[in-house]
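A.B. asks: this is a predicted model, with the sequence first.
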Amino acid sequence: MAGPFARQETQAIPRVESATTQAIPRPDKPATQAIPKMGTQAIPKMGTQAIPKMDKPVTQVTQQIPRTQPIPKQSVPGMTEADINALHAKYVKAKEMVGEKVEAGSREKLLKTIQQTAPKIMEQYKAQGVDFSVVVKDNQVVIKAKPKL
């Protein structure tokens with residue numbers, strides 16, 4: 001044998017038929033064995049109630065499911081839709097700069113917050129409107145409100 005490593009010649013080992021390699025005859029009928037009891041708890045029987053027959057196929061909807069209404073676009077006093085979109089864009093950019101993930105409903109959440117905050121600030125300061133800005137403070141994104149006097 002050629003090659004860098006010398007090999008020894010091996011002899012073929014004769015194959016011996018054993019009981020494990022021979023076919024085992026199967027009985028015509030399966031053997032029945034007693035199943036041991038697993039515990040003393042009895043298995044409850046299923047009820048004998050009849051299942052009502054459906055007149056219509058299951059694919060038809062017989063009852064309409066109420067859907068939640070989308071949030072109506074309520075304006076914030078002194079802000080246009082473009083102002084709200086610009087504020088949200090700044091908010092998203094600031095969140096990404098800090099390394100936070102922006103949730104799918106962040107615009108609606110932001111809109112709800114400024115809709116609740118604006119009237120309170122306007123009443124408190126007797127203002128005509130509110131200017132909102134995005135500020136990063138202590139590695140957190142904060143929405144600041146300033147009354148328009």
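C.D. replies: Structure received.
A.B. asks: so what touches stretch 130-146?
C.D. replies: Identification of contacts with stretch 130-146 by C-beta atoms under 8 Å, 6 or more residues apart in numbering yields 76-79, 87, 90-91, 94-95, 97-98, 100, 110, 113-114, 117-118, 121-122, 147-148. No exception for glycine: its C-beta is placed from N, CA and C like everyone else's.
A.B. asks: end to end on it, go ahead and measure it.
C.D. replies: 6 Å (C-alpha to C-alpha, to the nearest Å).
A.B. asks: returning to that earlier point: so of the contacts of stretch 130-146, which ones are in helices?
C.D. replies: Secondary structure assignment by DSSP state H places 87, 90-91, 94-95, 97-98, 110, 113-114, 117-118, 121-122 of the contacts of stretch 130-146 in helices.
A.B. asks: filter the contacts of stretch 130-146 to the buried ones?
C.D. replies: Neighbour-count burial (16 or more other C-beta atoms under 10 Å) applied to these gives 76, 78-79, 87, 90-91, 94-95, 110, 114, 118, 121-122, 147.
A.B. asks: quick one: which of these is nearest residue 129?
C.D. replies: residue 78 (2.4 Å; C-beta to C-beta).
A.B. asks: residues contacting that closest one?
C.D. replies: Residue 78 sits next to 118, 128, 129, 130, 131, 148 when contact means C-beta under 8 Å, 6+ apart.
A.B. asks: cutoff 7 Å now
C.D. replies: 128, 129, 130, 148 (C-beta atoms under 7 Å, 6 or more residues apart in numbering).
A.B. asks: most widely separated two among those residues?
C.D. replies: Longest span within the contacts of residue 78, C-beta to C-beta: 128 and 130, 9.0 Å.
A.B. asks: the more surrounded of those two?
C.D. replies: residue 130 (21 against 11; other C-beta atoms under 10 Å).
A.B. asks: relative to residue 144, how far out is the closest residue to that one other than its chain neighbours?
C.D. replies: Computed as C-beta to C-beta, 6 or more residues apart in numbering, the closest residue to residue 130 that is not its neighbour in sequence is residue 118, at 4.5 Å. Residue 118 sits 13 Å away from residue 144, going by C-beta to C-beta, to the nearest Å.
A.B. asks: about what we covered before: what sits in contact with each of residue 128 and residue 130?
C.D. replies: What both residue 128 and residue 130 touch, as defined by C-beta under 7 Å, 6+ apart, is the set 78, 148.
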